[in-house]
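S.K.: the sequence isn't on hand, but the structure is:
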């Protein structure tokens, strides 16, 4: 059987050295080293280097990882992991890097900046309309409080301090959504990108298309086309039915029309202006659907 696992020693020192070398050679890409380190940690690939995928919060990561696992390893991902302080029902699929099946360039001593910029395989990314992505992020954020999700605790505390958001009263409200966008805007204006949580960081800053150069960009709004495009790019003849793959679906709950707020609409257009332009989304308010997940 071919080699499936990364066995090369990984360490924080490797990441520091890689990041420094990349920034020295490309000084205008990232504002800070921590921003660069987080970016590289979210671009992952298998031993074959047949493909790489840039994890971009709230854009169908769960389905995409299930699809790529099936394509790369020939079977469905079926294991599970449950943790009380983590609301994500499919968190196990995000542990492929920890299991040695995937790696990021910055943690491998054998890799360097040129290896990242000249990746031999197919570079894959997923995107989403900024309007539905921010609503989905806000609802996910609200649910993190309900279930006590430890991963977003720091963000909940910061949100509370910056905007005065009341976690007992403002959850799932139009005013709460406005405050959420005010918080994102404040963080973007005053701090480096790595200080923003990955679920609401603008997608252009997530993907950095000028250096990642995606060969396939999938839209959450049309995942069947994305699946077909990935299979074509990777020369997969098997017809893969993704309906059997699990997704990060939140329970549907009754919420107001968040787009009724002109302030919220304008904030989305302002914060994510480059996303609309780069990924070809119309900045008109979409139909009220596609919020969950």
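M.R.: Okay, I see it. No experiment lies behind these values; they were computed from the predicted model shown.
S.K.: any idea how far the residue positioned nearest the centre of the chain lies from residue 206?
M.R.: The centroid of the chain falls nearest to residue 56 when counting by C-alpha atoms, centre = their mean (1.8 Å). The gap separating residue 56 from residue 206 is 4 Å, by C-beta to C-beta, to the nearest Å. Where C-beta positions appear, they are placed from N, C-alpha and C, glycine not excepted.
S.K.: would you mind giving the secondary structure of the residue nearest to the centre of the chain?
M.R.: coil (DSSP: H, G, I helix; E, B strand; the rest coil).
S.K.: in this structure it contacts residue 207, no?
M.R.: Yes: in this structure residue 56 lies within contact range of residue 207 using C-beta atoms under 8 Å: 6.2 Å.
S.K.: so for those two, which residues contact both of them?
M.R.: Shared contacts of residue 56 and residue 207 (C-beta atoms under 8 Å, 6 or more residues apart in numbering): 125, 127.
S.K.: need the residues touching each of residue 56 and residue 206.
M.R.: With C-beta under 8 Å, 6+ apart, residue 56 and residue 206 have common neighbours 42, 198.
S.K.: longest strand in the chain, by residue count?
M.R.: strand 122-127 (DSSP state E).
S.K.: and for that one, what are the contacting residues?
M.R.: Around strand 122-127, the neighbours that count as contacts under C-beta under 8 Å, 6+ apart are 50-54, 56, 59-61, 64, 68, 203, 207, 209, 212-220, 226, 230, 233-234, 275, 279.
S.K.: out of those, which are buried?
M.R.: Using 16 or more other C-beta atoms under 10 Å as the burial test, the contacts of strand 122-127 include 50-54, 56, 59-61, 64, 68, 203, 207, 209, 212, 214-220, 226, 230, 233-234, 275, 279 as buried.
S.K.: can I see the domain layout of this protein?
M.R.: Domain ranges of the chain: 12-129+202-244, 130-200+251-278, per automatic domain parsing.
S.K.: residue 284: which of the ones you listed is closest?
M.R.: Nearest of the domains of the chain to residue 284, taken as C-beta to C-beta: domain 130-200+251-278 at 8.9 Å.
S.K.: the closest residue to residue 129 other than its chain neighbours and residue 6, how far apart?
M.R.: Of all residues not flanking residue 129 in the chain, residue 281 sits nearest, at 5.1 Å (C-beta to C-beta, 6 or more residues apart in numbering). For residue 281, the distance to residue 6 equals 36 Å [C-beta to C-beta].
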